[in-house]
Structures are given as structure tokens and as C-alpha cells.
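Asker: whatever this is, show me its structure:
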Amino acid sequence: MQAEINKVELRNLHIEDYKQLKLSMQHAYSDMDEPYWGEKDIELLLEIFPEGQLVVLVDGKVVGSALSLIVDYKKATANHTYEKITGNYTFSTHDYDGEVLYGIDVFIDPEYRGLRLGRRLYDARKELCEQLNLKSIIFAGRIPHYNDYSDELTPKEYIGKVRLKEIYDPVLSFQLSNDFHVIKVMRNYLEGDKSSQEYAVLMEWNNIYYEKEPKLINTRKSVVRLGLVQWQMRQLANVEALFEQAEFFIDAVSGYGSDFALFPELFVAPLMADFNHLSEADAIREIARYAEPIRKRFQEMAISYNINIITGSMPMLDEGNLYNVGFLCKRDGTSEMYTKIHITPNEVQYWGMNGGSEIKVFDTDCGKIGIMICYDVEFPELSRLMADDGMEILFVPFLTDTQNGYTRVRHCAQARAIENECYVAIAGCVGNLPGVNNMDIQYAQTAVFTPSDFSFPSNGIKAEATPNTEMTIIVDVDMDLLKELHEYGSVRILKDRRHDLYKIKKLPASKQEKEK
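Answerer: Residues are numbered from 1 along each chain as shown. Okay, the predicted model is just below:
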């Protein structure tokens, strides 16, 4: 390696680079017969796909290159030889309508290895794959050290030991470290490749931004804006007063372009004041009659203010049983119901509340979301099941009367964000409600939590409200950061689970009834 390097440059290959390119290839493939492409081959590549041909230069000298074609996904993943995938070296397999960036060559002059120049070439390839909206990068990699182990190991065993870092292979080890995964082993791939015994490992890097049919309108948002309402408990004359106050907040957060408005758990409790002469259980059943009118009015506001509204929660009677439910009122005019699953001892004792039985995620125009009411967030199994179904944002309307109750909700919500690699938004009620039994005091600090990695706030808090003060917070969350975290995070919690040791799964409905 040179004693001093003044400049490293990565750019597209030009035909004027050919002499230096040829020399670098000869150095890189010294163990192979005729280890370089002819000048006419390079001319043809540059003619049909110039943007796919890359070189890296050190102080003006070509020391490495990555050459590519676009090919059909089925052709790329079917058994093939190097000769076949390159169209007998004519590159006739190149297809601009294909889905795959196929790597036909990548090399670094041995004199310049150790500078991570190969990683630069692969990062540029990945960027090109994303820019062209291709499904993946695929290539068949040589395993040049396999010849040293072929008497004792099959190719499969060899790959396993390379993956566990028990054996170092200059090609395979590098590709695995660059987030490629093995598809399969192919025989007789490259004639004359004695060091690999003509085996090749077909590998793939998936483009997480790939869209099969890109849309010009109604595209999925990469940045989603959340409007969270920290609701002050106050005396309300009637349900219309509730609607008036709710519409004030919906108008405010939608005015800032929010995609979602989140209300707290049981923010409708002031309506129980008219029934305070009754027992707690009877009073809450009296206001259960408002569940459907509330859903209907909030649905109208979702349409008129062009915002998805999560209505916190409210009591609802179903066949004589009392549930704590809420509605996702979408701006497209549809709505779906969610139910609190875990009921606190207080809710059972004072209200005779029942728990729901459906665990689900909701499809929205901003991606898949989960909704869990207060106490439910303290049970990690629920959110893990939702994460397995694709949840990206978890909304938690809550109601806590004391700081220690709030602390449980807050810290569990933060844990759910980390362990499920998602955003978690919590919104609660504040203030006092002396005219309603069992609802006297409230404590809350509304917030949005994030995973914990370099792309996110170091404390995992995207934003938080002032404690115990009526207000809103408007928060932008970047959905693309979640994709990058899933694939390239410092830790990959969802991917690294040991499914060979444990699994979490939903019980079928029939078994749920038996368990009850």
C-alpha cells in the first residue's frame, strides 16, 4: 500500500480508464486464466448501462471497480452460470425492465486492500439500486479459499463456518459484512475458477425502499406528523360541549398538517357528573350510550379536517357487558373499533369492566399502526404480536391518577418502542374532576418515544409535553428511519430473536373461549 494517499475518488467508469482497469484486474485475479475484460467488452457495457459501471481511484489511479447489469429477478435467482447470466459475455441479458441489479464483477487491487474501498463501491451500488427502484442486488460470489477446505467440508459447511467467523474467505466474509444473505450454492458457475472449485454462492441485498408499482398520488408518507392532545378534565354541560372542546383541538392539530390526532383514555368522564348520585358502576353505564354518537361525530370531523382521529376511549355496552373501547376514525370515511384487553383491579372493582379479546393492527394511509389503551402497554406480548404484523407506530391513550401510575405507563411505552423498533405515542388527561366519583385527580405527561439508536434522540424521547398542563404537541416521525433500523441498526432486536427457543402467538378464537 502507498505510504501516503492524497485523494480517493469514486465515480462512473470511462473508456479512457481501460488500461488502468485492466492492470488492476490482472493484479486482483492473479490466480485465474485471462482475468480481465477486453476493451470492447467495457465499451459495450458503457454503451448499454453506463450508470452501472463504477470505479474507485486513488491519487488518480484506477484501483478497483464494480460492474453491473439489470436483469430479470427470475433469471437472477434461477440456477445459472456466469456465461449464461452475461449472455455469453455479450450482456444481452441486460434488461431495463428487470428488477435486479446483478453484479458481474467487483474487485480491488491487492495493493490497495485494507482501505475499505470495496465497501465504498458497494455503498454506491446500493445507492444506485435505490435510485433505480430495483428490488435487490444479486451476484454469485466466488469462495476462493474453499479449495483449502474442500477435502473436509461441503460448500454448505464451509459457508456456515465463514458466517460464524471460524474461517475467513476474502469474498464471502466481505459480502456477509455488507448485509448480503445467502440464497443458494451453484455448481460450475465460472469455468477455470480452481480456488472455488467452480462453486459460487448466490447472494442478495434487499432494497428496503423498493416499490413494485410506484404511485404518483397517495404514496405512503416517509414522514408522518402526529398531533397529541393532553386533555384537561373540566365540567361539561352536555355531550355537545365535549364535541366543541374536541373540535377545537382537532382544528388546531389539523391546521399544522397532522396526519393523526390522539385523544386520551376516558376523556369523556366529565359526562358522568350528571349521574354522580348513582353508583360508579351505574354512572359509567349511563354514559356508555354516547359511544356511537361520539364515533359518528368524530368520523365527520376526520373527513372535514382531513385527519385520522384516535378517539382515546369511552365506555360501551355490548349485550349487557361493559367494555372500554375507542375508534380509529379515518379521513377516508371509514372507522374501526379497538378494545382495552387488560382491565385493572380498580376498573373491575368500581365499574365491573370487561376485557376485549382482539389483538390487531390497523392499515392507514400512513402505514400500519397499533392502538393499546393504558394498562395494555404494560404487557409486552401484545405489542410484539402487533410488531410481527407490521406495526410501525403504537398509539397509547392513557388515564393515570398518580405519578407512580404514570411512571409505569411511560417506562413500559419506552420499552415497547425499543424492543419493537417502532414509535410510541402516549396521550393522557390532566387536572381534577371533583364532580365525578372515582375520577378525582389525573396526572399525565404526553410524549412520543423512539427506538434507541444513532438515528434517534439519545434518550429515546422525540417530544414531550409539560406535565399536568393542557396542551398539544405536534411531532414528526420518520418512517424510513425504522426501515434502516430494522436492516442496519446497531442491534436488530426483531431479527435476532431466537425462534428456535421461543415464540409468541395468538390463540385461535376457539381456544380463547376454553381458556376463559
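
Asker: just for the stretch 51-200 of the chain, where's the confidence low?
Answerer: Residues of the stretch 51-200 of the chain meeting the criterion pLDDT under 70: none.

Asker: would you map the strands across it?
Answerer: With strands called from DSSP state E, counting those that start in this stretch, the stretch 51-200 of the chain shows them at 54-58, 61-71, 100-108, 136-142, 181-186, 200-206.

Asker: how about residues contacting the shortest one?
Answerer: Counting by C-beta atoms under 8 Å, 6 or more residues apart in numbering, the neighbours of strand 54-58 from elsewhere in the structure are 2, 5, 7-13, 17, 21, 62-68, 108, 112, 115, 117, 120-121, 124-125. Any C-beta I mention is one placed from the backbone N, CA and C, and that applies to glycine too.

Asker: what residues does the closest residue to Tyr82 other than its chain neighbours make contact with?
Answerer: The shortest distance from Tyr82 to any non-neighbouring residue, by C-beta to C-beta, 6 or more residues apart in numbering, is to Leu190 (4.5 Å). By C-beta under 8 Å, 6+ apart, Leu190 lies in contact with Thr81, Tyr82, Ala140, Arg142, Ser196, Glu198, Ala200.

Asker: which among the contacts of strand 54-58 end up buried?
Answerer: When these are checked for burial by 16 or more other C-beta atoms under 10 Å, the buried set is 13, 17, 21, 62-68, 108, 112, 115, 117, 120-121, 124-125.

Asker: okay, and Ile309 sits in which element?
Answerer: In this assignment (DSSP states H and E), Ile309 forms part of strand 308-310.

Asker: what does the helix or strand just after that strand contact?
Answerer: Later in the chain than strand 308-310, the nearest helix or strand by DSSP H and E is strand 314-318. The list of residues contacting strand 314-318 from outside it, by C-beta under 8 Å, 6+ apart, reads 266, 268, 284-285, 287-291, 294, 322-326, 351, 353.

Asker: for the contacts of Leu190, which one is nearest Pro397?
Answerer: Ala140 (52.0 Å; C-beta to C-beta).

Asker: measure the closest one to Tyr82 for me?
Answerer: For Ala140, the distance to Tyr82 equals 7 Å [C-beta to C-beta, to the nearest Å].

Asker: mutual contacts of those two, please.
Answerer: Counting by C-beta under 8 Å, 6+ apart, the shared contacts of Ala140 and Tyr82 are Tyr189, Leu190, Ala200.

Asker: what separates the first one from Met337, distance-wise?
Answerer: Distance from Tyr189 to Met337, counting by C-beta to C-beta: 56 Å.

Asker: between Ala140 and Tyr82, which has more neighbouring residues?
Answerer: It is Ala140, of Ala140 and Tyr82, that has more neighbours when counted by other C-beta atoms under 10 Å, with 23 against 19.

Asker: which ones are touching the more buried one?
Answerer: By C-beta under 8 Å, 6+ apart, the contact list for Ala140 reads His80, Tyr82, Ile85, Met186, Tyr189, Leu190, Ala200, Val201, Leu202, Met203.

Asker: just the buried ones from the residues you listed, in ChimeraX syntax?
Answerer: Buried residues among the contacts of Ala140 (16+ other C-beta under 10 Å), as a ChimeraX selection:
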select :80,82,85,186,189,190,200,201,202,203
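
Asker: JSON lines for the contacts of Ala140, including distance to Tyr210?
Answerer: JSON lines is the format used below for the contacts of Ala140 (distance: C-beta to C-beta, whole Å):
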{"residue": "His80", "distance to Tyr210": "22"}
{"residue": "Tyr82", "distance to Tyr210": "25"}
{"residue": "Ile85", "distance to Tyr210": "21"}
{"residue": "Met186", "distance to Tyr210": "24"}
{"residue": "Tyr189", "distance to Tyr210": "26"}
{"residue": "Leu190", "distance to Tyr210": "28"}
{"residue": "Ala200", "distance to Tyr210": "24"}
{"residue": "Val201", "distance to Tyr210": "23"}
{"residue": "Leu202", "distance to Tyr210": "19"}
{"residue": "Met203", "distance to Tyr210": "17"}
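
Asker: and the stretch of helix or strand Val229 belongs to, what other elements does it pack with?
Answerer: Using DSSP H and E, Val229 maps to strand 223-232. When contacts are defined as 3 or more C-beta pairs under 8 Å, 6 or more residues apart in numbering; DSSP states H and E, strand 223-232 packs onto helix 239-255, strand 260-262, strand 423-432, strand 471-478.

Asker: between the ones you listed, which gets nearest to Thr344?
Answerer: Checking those against Thr344 by C-beta to C-beta gives strand 423-432 as the closest, at 14.7 Å.

Asker: for the closest one, buried residues please.
Answerer: So, applying 16+ other C-beta under 10 Å, buried residues of strand 423-432: Tyr423, Val424, Ala425, Ile426, Ala427, Gly428, Cys429, Val430, Gly431.
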